[in-house]
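Trainee: sequence unknown, structure follows:
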């Protein structure tokens, strides 16, 4: 019997509803959909990094990583990322940012699988990413 | 070697294709995308609860729960829900309904992770939810 | 401690970014979003099967199967498929193709769960499918 634990990085704003930024149970860790919000500032509404796709993508990846690390995992443990973009024309640029980011992470394990689709997101948000990790 | 079993709640209409409403194998239970169809009535086509987002959301959550329970699980075992809405303007209302629903469920474990995105759905449907659970 | 391995079928074009077509760790295998690209031909850009939904859907399913098999799994191990279509009007036709395909696969285990939503995809692509499998 494994305990299910909620993961809440110190940098994160409170979720806007009754869900957790991440949960871990046994060796499985699920990261909720992260967007490009800058680290939370007391008394201020969540603000996305900006102004462009680059800043939002990097902040989103940093937010996913923060959940992984607060849950005792790393990018090396990630099996799948789901990338939600709002505009098909952002695909090439996002891939370039994604590639450089992961090169800089110095992963020891193979890159995760990934699915990218194009959806609607709340106004001002250009990208959302979630992740499934399997530890050790 | 664990057996893979299909989960089919008695209240559910037959899936419109060769998939299962839920499957369980070992301690992993996957709930297929559920929509707000009312309990199946012999000889009638599937009908969504209505007329508004509230009724559809609550019926959808009830349908996810029915699959979880028919598979020997509960909301406490859910690691991730994926919420698909058709309209960004429904986010705040869906969250309010979602929060009240889960407060009333009296969960013992932390809330699951969640991703919400905005997609197209068949005519008349406003919300779809699927879930991944890890038992024990 | 299980090793995480990348799965790259010989028929596949290189992923357009730093992700793997599939990854396996322990008994969990995740297939990345597959589209209807024909088997890779050296020196040529990826080309989708066509011209219609039928050919793309069957090629996409073949591509998912290739990843499963290269990772030591089969359709029988799949817990969940996620089907992304671009047009709600394709639902009935896709289901008919999907059903016939799986009847012909002669599965020993129950059909997987499934979620189908309607999203944007890069120009020329009508369908994308990913899959989560649990082995043994």
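Mentor: Cool, the structure landed. Everything numeric in this text was worked out from a predicted model, so none of it was measured.
Trainee: got a list of what residue A:36 touches?
Mentor: By CB atoms under 8 Å, 6 or more residues apart in numbering or on different chains, the residues touching residue A:36 are A:48-50, A:55-60, A:63, A:125-127. Heads up, the C-betas are built off the backbone N, CA and C, glycines and all.
Trainee: Can you report how many residues lie near the residue lying closest to it once chain neighbours are set aside?
Mentor: In space, and not counting its chain neighbours, residue A:36 is closest to residue A:56: 3.4 Å by CB to CB, 6 or more residues apart in numbering or on different chains. Number of residues near residue A:56 (other CB atoms under 10 Å in any protein chain shown) recorded here: 24.
Trainee: does residue A:56 count as helix, strand or coil?
Mentor: Of the three states, residue A:56 takes helix under DSSP: H, G, I helix; E, B strand; the rest coil.
Trainee: The residue lying closest to residue A:119 once chain neighbours are set aside: what secondary structure?
Mentor: Counting by CB to CB, 6+ apart, residue B:117 is the residue found nearest to residue A:119 once chain neighbours are left out, at 4.2 Å. The three-state assignment at residue B:117 reads strand, by three-state DSSP.
Trainee: how about the residues of chain A that lie near chain C?
Mentor: A:27, A:76-77, A:79-81, A:88, A:91, A:95, A:98-99, A:102-103, A:109-119, A:132, A:134, A:136 (CB under 8 Å from any CB of the partner chain).
Trainee: just checking, which of those residues belong to strands?
Mentor: Counting by DSSP state E, the residues of chain A next to chain C place A:79-81, A:113-118, A:132, A:134 in strands.
Trainee: Please tell me which one of those residues counts the most neighbours.
Mentor: Busiest of those [other CB under 10 Å] is residue A:113, holding 29 neighbours.
Trainee: ok, back up a step: with the contacts of residue A:36 in mind, which one is nearest to chain B?
Mentor: Taking CB to the nearest CB as the measure, chain B lies nearest residue A:125 of those, at 9.8 Å.
Trainee: pLDDT weak spots in chain A?
Mentor: Within chain A, the stretches with pLDDT under 70 are A:1.
Trainee: Return the distance of the closest residue in space to residue A:101 that isn't next to it in sequence relative to chain B.
Mentor: Sequence neighbours aside, residue A:61 is the residue nearest to residue A:101 in space, at 5.5 Å (criterion: CB to CB, 6+ apart). Separation of residue A:61 from chain B (CB to the nearest CB, to the nearest Å): 15 Å.
Trainee: what do you get for residue A:85?
Mentor: Distance from residue A:85 to chain B, by CB to the nearest CB: 10 Å.
Trainee: Residues in a beta bridge with that residue, which ones?
Mentor: residue A:118, residue A:127 (DSSP bridges).
Trainee: ok, it touching residue A:93?
Mentor: No: using CB atoms under 8 Å, residue A:85 is not in contact with residue A:93; the gap is 9.7 Å.
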